[in-house]
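**Student:** coords below, sequence missing:
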């Protein structure tokens, strides 16, 4: 989740709808300026007992963050309600390393031109945290969800917005606390060239997001046992908060564009307002009231442009629009799949012929069919039924060939003359075998692990 460093006092007050549209309009870029931003989270555990380290314990999350200084990273601090100054992130040569609600560690990488650069960035980050972990006695796990921890066994990080969200989540869904405390994801952020280009990419991304969820399904355990799902992380999102999640049917309606997304975001309830270095609890309140000067926590005050940017980060649909598009469907995983997710979406969305071909596969699906697929995938992954008959696996093979053609057409070569298509190899292997990562884990659980899910820690990063 995003990390705020400064208050909004110096920002322009929002006085027109044009200011609400500006982040989306200003995000449009010519193709030569399109970049790839990859975010990936990891579970952190003590190697001695597999427990989740707290923020302040020796060798805990704060120490992990501060040890990144040896690699050129600098701390980002936040003052808590009691006046305590906490390190909540590190800024550095490869972007931002931040702490998630229960101490999951996230790299939000820089916008990069090629997948070769993206994968090298992920590799550097993992090398750095593994080196730190060896000294501090911690390891890192690439899964979509904690395999054995209850909510009560997990710490809460001292970041202001998390306290507000943790109080609010149980009021709007039964699984929101699990989303915050127990899950990890991989995400890729991509550019668009115009409003029309954004619309097509948004539609392709939403329609095929269940396929990404299936290919990356990697969360089959809950509190030490199989949970009946292949991507329990994805299932959690189905009962987190209906006001700010889901497949956004309006994206497929005639006339969709920046204006309609503004209306959607104005209807998403608020979480907070950031003032004077602190988060004010505005959970459940209306940004429309804020625009009218009627927000109870700041009576008479109008929102600043940075308040709107903050608010845009508090909706969690399967694809999210800010000044770029965020693809949000994948479970966390190891290095090869961190590289594979951006390859999948860049191949489909950064070549116009590939994007058109992908849209041709899904453009006839109805709202009900898209929703049915999204709800079936967490349990069935590639065996989920698709509109028109059959299962997701043959469709996955076709989509991967389109993505491969898109990457080939990009002609982004590394020093050895290789293009970017090799980053899809792990996904081709999954489709050819029909075995998503979660099924491999379940095979081990029922086989060599002999029902002991703690064996998963041996396969950490």
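**Tutor:** Nice, I can see it. This is a predicted model, so every value here is computed, not measured. Numbers count the residues shown, from 1 in each chain.
**Student:** Pull out the buried positions in stretch 243-254.
**Tutor:** 244-248, 251-252 (16 or more other Cβ atoms under 10 Å). (Each C-beta comes from the backbone N, C-alpha and C, glycine too.)
**Student:** Equivalent analysis for stretch 160-168, please.
**Tutor:** Buried-residue list, stretch 160-168, by 16+ other Cβ under 10 Å: 160-166, 168.
**Student:** same question, stretch 404-418
**Tutor:** 404-407, 410, 412.
**Student:** Helix or strand next in line after the lengthiest strand in the chain, which one?
**Tutor:** Selection of the longest strand in the chain by residue count, based on DSSP state E, yields strand 36-46. Of the helices and strands lying after strand 36-46 in sequence (DSSP states H and E), the nearest is helix 61-67.
**Student:** Could you list the residues in contact with that next one?
**Tutor:** The contact list for helix 61-67, computed with Cβ atoms under 8 Å, 6 or more residues apart in numbering, reads 44, 53-56, 75, 86-87, 89-90, 97, 99, 103, 105, 129, 132-133, 135-136, 138, 155, 157.
**Student:** so can I have a markdown table of the buried residues of stretch 404-418 showing secondary structure?
**Tutor:** Shown next, in a markdown table, are those (DSSP: H, G, I helix; E, B strand; the rest coil):
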| residue | secondary structure |
| --- | --- |
| 404 | helix |
| 405 | helix |
| 406 | helix |
| 407 | helix |
| 410 | helix |
| 412 | coil |
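**Student:** before we move on, back to that, the contacts of helix 61-67, buried ones only, as a ChimeraX selection?
**Tutor:** Applying 16+ other Cβ under 10 Å to the contacts of helix 61-67, the buried members can be selected in ChimeraX as follows:
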select :44,53,55,75,86,87,89,90,97,99,103,105,129,132,133,136,138,155,157
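**Student:** from the contacts of helix 61-67, which ones fall inside helices?
**Tutor:** Counted as lying in helices by DSSP state H, out of the contacts of helix 61-67, are 129, 132-133, 135-136.
**Student:** is it possible to export the residues you listed to CSV including pLDDT and distance to residue 13?
**Tutor:** CSV is the format used below for the ones in helices among the contacts of helix 61-67 (pLDDT from 0 to 100; distance: Cβ to Cβ, whole Å):
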residue, pLDDT, distance to residue 13
129, 97, 41
132, 98, 43
133, 97, 46
135, 97, 48
136, 98, 45
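**Student:** Return the two entries of the residues you listed that lie farthest from one another.
**Tutor:** Greatest spatial distance among these (Cβ to Cβ): 129 and 135, at 10.9 Å.
**Student:** what's the average pLDDT for the helix or strand hosting residue 307?
**Tutor:** In this structure, residue 307 sits in helix 305-312 according to DSSP H and E. Average pLDDT, helix 305-312: 98.
**Student:** tell me what that helix is packed against?
**Tutor:** helix 17-25, strand 272-275, helix 287-291 (3 or more Cβ pairs under 8 Å, 6 or more residues apart in numbering; DSSP states H and E).
**Student:** Any idea which of these gets closest to residue 195?
**Tutor:** For residue 195, the closest of those is helix 17-25, at 7.7 Å, according to Cβ to Cβ.
**Student:** and the angle from the closest one to helix 305-312?
**Tutor:** Helix 17-25 runs at 60 degrees relative to helix 305-312, counting by axes from the mean of the first three to the mean of the last three Cα atoms, to 10 degrees.
**Student:** Buried ones in helix 17-25, by neighbour count?
**Tutor:** For helix 17-25, by 16+ other Cβ under 10 Å, it's 20-24.
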